[in-house]
Structure formats: C-alpha cells, structure tokens
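[1] Pasting a predicted model and its sequence here:
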Amino acid sequence: MDAAAESGGTVRFKPGKYLTGSLFVKSGTTLDVGEGVTLIGSQKLDDYPMLPTRVAGIEMTWPAALINVRDQRHVTIRGKEPSTATGLPGGSLIGISVPLTNRGASLGQRLTMPGGRV
C-alpha cells in the first residue's frame with residue numbers, strides 16, 4: 001500500500017485467501033479486491049490498532065476495521081462479488097473516517113465503493 005501511495009497506483013490481490021490485520025488505504029490509491037479473493041481478518045486484537053472514534057455521539061477508542069480509510073483523499077475501493085472478507089469478531093469490516101471539517105461534504109467525491117454504497 002505504501003508503494004502504491006507514492007505513485008498513485010492500484011493494489012490488486014490475485015485470487016486466493018489472505019490472512020491480514022487492518023489495512024489502511026492511502027490518498028490517491030485504489031484497493032482492488034478482485035473476483036476469487038477472500039480477505040480473512042486475523043483473530044488477534046493486536047493486529048488492529050486502537051483508534052479514536054465516535055459512535056452515537058460517544059467518543060471512545062476502538063479497534064480499527066479490516067479495511068480503513070482515515071484522513072485520506074481520492075481513494076477508490078472496488079471489488080467483484082463473490083469476493084468475501086471477515087474481520088475481528090464484533091469489529092467493522094470497512095471503516096471510513098471523515099474529519100470534522102469535512103462533515104456534510106459529499107463522500108462520493110472522495111471514495112467510491114462497489115454499487116455506489118458506502
């Protein structure tokens with residue numbers, strides 16, 4: 001991911017199963033989870049950094065999601081079904097952080113998801 005961020009490139013997975021902790025997508029990059037790819041989230045809490053978050057107006061520290069976009073711009077995440085992913089039990093699969101100064105702005109300008117869903 002770091003190399004893709006330097007060149008504004010794409011990170012692609014070949015078909016297969018991948019065991020991973022949190023992935024952080026960086027500005028100017030595309031994460032392409034192609035057909036036949038399974039992302040398997042590690043079951044070790046240490047593989048998910050603790051991050052400040054807010055849920056229902058309550059601020060707390062919580063483990064990062066499996067795929068994260070945090071304080072980044074011009075990010076694309078795409079994939080073809082039946083790509084599958086699992087994360088930490090009780091955790092999030094995809095986490096998107098929007099700075100307070102950008103709340104109310106259109107996420108669609110910064111992030112695209114399969115089927116237009118965020």
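    Ah, there it is. Numbering: from 1, shown residues only.
[2] Which parts of this structure are strands?
    With DSSP state E as the criterion, the chain has strands at 10-12, 16-20, 23-24, 30-33, 37-41, 50-55, 58-63, 67-70, 75-79, 84-86, 94-97, 111-112.
[3] who are the neighbours of the fourth one, in terms of helices and strands?
    Under the contact criterion of 3 or more Cβ pairs under 8 Å, 6 or more residues apart in numbering; DSSP states H and E, the helices and strands touching strand 30-33 comprise strand 10-12, strand 75-79. All C-beta spots, glycine's among them, are computed from the backbone N, C-alpha and C.
[4] least reliable of those strands going by mean pLDDT?
    Among those, strand 75-79 has the lowest mean pLDDT, at a mean of 85.
[5] Going by contacts, tell me the helices and strands next to that one.
    strand 30-33, strand 67-70, strand 111-112.
[6] Neighbours of residue 59, how many?
    8 (other Cβ atoms under 10 Å).
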